[in-house]
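Colleague: I would like to see how this sequence folds:
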Amino acid sequence: MRRSVARRSRVLKCRVGLLAAASGSGGHGSGTPALRWGTLVAAGLTLVAGLAAGRLPGLRVRSAALGLGAGLGFGVVTLAVRLIPHLSPGAIVTDPATYALLLAGGAGFLLLTSALQHGSVTIATAAMVLGETFGPAIVGVVALGDRTRPGLAPLGVAGYGLAVLGAL
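Modeller: Alright, predicted model coming up:
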């Protein structure tokens with residue numbers, strides 16, 4: 001048992017180290033209006049798909065689908081907070097990303113709770129990590145300008161791959 005914990009600790013340090021070493025500047029943009037509205041649509045679709053996932057037969061499949069839905073919801077939260085340019089009251093109430101944040105956060109919470117009630121913690125959590133990792137990473141690179149340090153993209157991909165494998 002002690003060896004297993006020590007090994008997991010070393011693997012975690014390796015993943016974090018690879019990702020930290022490769023991380024470059026975060027995107028400087030706050031996204032387009034279409035991206036803001038897209039997060040709100042994605043939040044609604046996540047909730048609807050999650051409700052459908054709750055009706056799937058088989059506990060393992062249902063738990064994995066609900067966990068994935070929860071991860072997608074939390075991924076939308078991650079993006080939505082980046083898209084809110086400033087916290088003035090006028091900006092908050094008029095920005096669709098604000099409502100995406102609220103809807104996706106609630107959906108993620110409900111879907112993860114349901115996933116944990118219907119199946120294995122391991123299955124639900126692994127699916128959740130996949131859902132909350134891929135979407136924000138892709139949108140961050142493609143739409144928000146996130147980058148690795150020059151020449152370290154392979155190191156970042158390796159660290160990211162290890163993080164996903166560790167979740168699985």
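Colleague: Can you tell me what sits against stretch 42-59?
Modeller: Here stretch 42-59 makes contact (Cβ atoms under 8 Å, 6 or more residues apart in numbering) with 62, 65-66, 68-70, 72-73, 76, 80, 99-100, 103-104, 106-108, 110-111, 114, 118-120. Heads up, the C-betas are built off the backbone N, CA and C, glycines and all.
Colleague: Buried residues, it. List them.
Modeller: The neighbour-count criterion (16 or more other Cβ atoms under 10 Å) identifies 42-44, 46-47, 49-50, 53-54 as the buried residues of stretch 42-59.
Colleague: repeat for stretch 91-106
Modeller: Buried residues in stretch 91-106, counted by 16+ other Cβ under 10 Å: 95-101, 103-105.
Colleague: Likewise for stretch 60-77?
Modeller: 62-77.
Colleague: What mean pLDDT does it get?
Modeller: For stretch 60-77, the mean pLDDT works out to 93.
Colleague: By residue count, tell me the biggest helix in the chain.
Modeller: helix 59-83 (DSSP state H).
Colleague: quick revisit: can you tell me which of the buried residues of stretch 91-106 is closest to residue 133?
Modeller: The closest of the buried residues of stretch 91-106 to residue 133 turns out to be residue 104 (Cβ to Cβ; 15.0 Å).
Colleague: And the helix or strand harbouring the closest one, what does it pack against?
Modeller: Element membership of residue 104, judged by DSSP states H and E, is helix 96-118. Applying 3 or more Cβ pairs under 8 Å, 6 or more residues apart in numbering; DSSP states H and E, one finds that helix 96-118 contacts helix 33-53, helix 59-83, helix 121-142.
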